[in-house]
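In: Prediction below, plus the sequence it came from.
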Amino acid sequence: MAAAATKYRYYIWVAGGMTGEKKRPLCSVVECYNSNTNESSMQTARMAAAATKYRDYISVAGGMTGEKKRPLCSVVECYNSNTNE
């Protein structure tokens, strides 16, 4: 729920979102869906972020952190599909 998603080649990438758990309500996982599934952790847990693809990179930006002091996320994270990092 409230995850960011984008399409790249034959893959759909989904990043962040909400877990539904009380102790850890935000998700910091990036998942790739195709015949094979890859996972890679994001550095910043977030929900309601935006995602896009540029060349071999997938960027996840903004969203909400769930923190009371800093509810909006100002971090942009990039994933390189060639290096899986």
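Out: Cool, the structure landed.
In: Residue 28 - nearest residue in space that isn't next to it in sequence?
Out: Counting by C-beta to C-beta, 6 or more residues apart in numbering, the nearest residue to residue 28 once its immediate chain neighbours are dropped is residue 45, at 4.0 Å. Placement of C-beta: from N, CA and C, glycine included.
In: host element of that neighbour?
Out: Residue 45 belongs to strand 38-46 when assigned by DSSP states H and E.
In: before we move on, what about residue 31?
Out: Under the assignment given by DSSP H and E, the secondary-structure element containing residue 31 is strand 27-33.
In: Paired strands for that strand, with orientation please.
Out: For strand 27-33, the pairing partners within the sheet under DSSP bridges are strand 11-15 (antiparallel), strand 38-46 (antiparallel).
In: mean confidence score for the first one?
Out: So the one you mean is strand 11-15. The pLDDT scores in strand 11-15 average 79.
In: again, but for the last one
Out: In this model, strand 38-46 has a mean pLDDT of 66.
In: C-terminal to that strand, what's the next element?
Out: Using DSSP H and E, the helix or strand that directly follows strand 38-46 along the chain is strand 50-54.
In: So which bits of that following strand are buried?
Out: Residues of strand 50-54 classed as buried by neighbour count (16 or more other C-beta atoms under 10 Å): 51, 53.
In: Going forward, the N-terminal residue is numbered 27.
Out: Got it, first residue is 27 now, which makes that one strand 76-80.
In: Show me what that strand packs onto, helices and strands only.
Out: Packing contacts for strand 76-80, counted by 3 or more C-beta pairs under 8 Å, 6 or more residues apart in numbering; DSSP states H and E, involve strand 30-34, strand 37-41, strand 83-87.
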